[in-house]
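In: sequence plus predicted model, see below.
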Amino acid sequence: MTDSTQKLVQLAIEAAQTAYAPYSNFHVGTALLLDTGEIITGSNFENASYGMTLCAETVAIAKANSDGKLRAIREIAVAGGLAGHVGKAADPITPCGRCRQIIKEVADLTDTDIPVHCAHATGYETFRLSELLPHGFGPANLK
Ligand code: THU
């Protein structure tokens, strides 16, 4: 466990404080580490039309893209839990299937098997995108 990764995970936990999740009460935060050292965060954004909910990872990645920094993303930290318990579950909270596909876009564009640091009660566990989404479909397949 490196200090800088622990800091990224901590920023993901803090980002969950801005979650708008009145329906599930499940708060998720994400922190993206860019190649410059800059960190971009995001949190889940729910909607009364439940299926329109945006996950924290998707919000953060779209935020990076709208700043022109999609290709600068190198690492991702994710933390989730019921309000007041973010990052406290015994098992790591990992990105949902749709978010894995969104992360795949970044992985292909940057030719990086992005590490995804997933918070749990005693720290975090790191998965590579290829572990979370083996045999995934991405932009490289369209060439
Ligand atoms: N959620 C995320 O933000 N990211 C994930 O990877 C999994 C799920 C959110 C969506 C919804 O607001 C809440 O967690 C419960 O599913």
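Out: Structure's in. What do you need? Predicted, not measured: the structure shown is a model, and the values here were computed from it.
In: and for the residue most central in space within the chain, nearest residue in space, chain neighbours not counted?
Out: Most central in the chain under CA atoms, centre = their mean is Glu57, positioned 3.7 Å from the mean C-alpha point. In this structure, Glu57 finds its nearest non-sequential neighbour in Cys99, 4.0 Å apart by CB to CB, 6 or more residues apart in numbering. All C-beta spots, glycine's among them, are computed from the backbone N, C-alpha and C.
In: name the helix or strand for the one you found, please.
Out: Element membership for Cys99, per DSSP states H and E: helix 97-110.
In: give me the three-state assignment for Gly136.
Out: coil (DSSP: H, G, I helix; E, B strand; the rest coil).
In: and it, what does it touch?
Out: When contacts are counted by CB atoms under 8 Å, 6 or more residues apart in numbering, Gly136 touches Arg100, Gln101, Lys104, Leu129, Ser130.
In: phi, psi for the residue lying closest to the first one once chain neighbours are set aside please.
Out: It stands for Arg100. Spatial nearest neighbour of Arg100, excluding adjacent residues (CB to CB, 6+ apart): Leu133 at 4.2 Å. Main-chain dihedrals, Leu133, degrees, to the nearest 10: phi -140, psi 70.
In: likewise Gly81?
Out: Taking degrees, to the nearest 10 as the convention, Gly81 sits at phi 160, psi 170.
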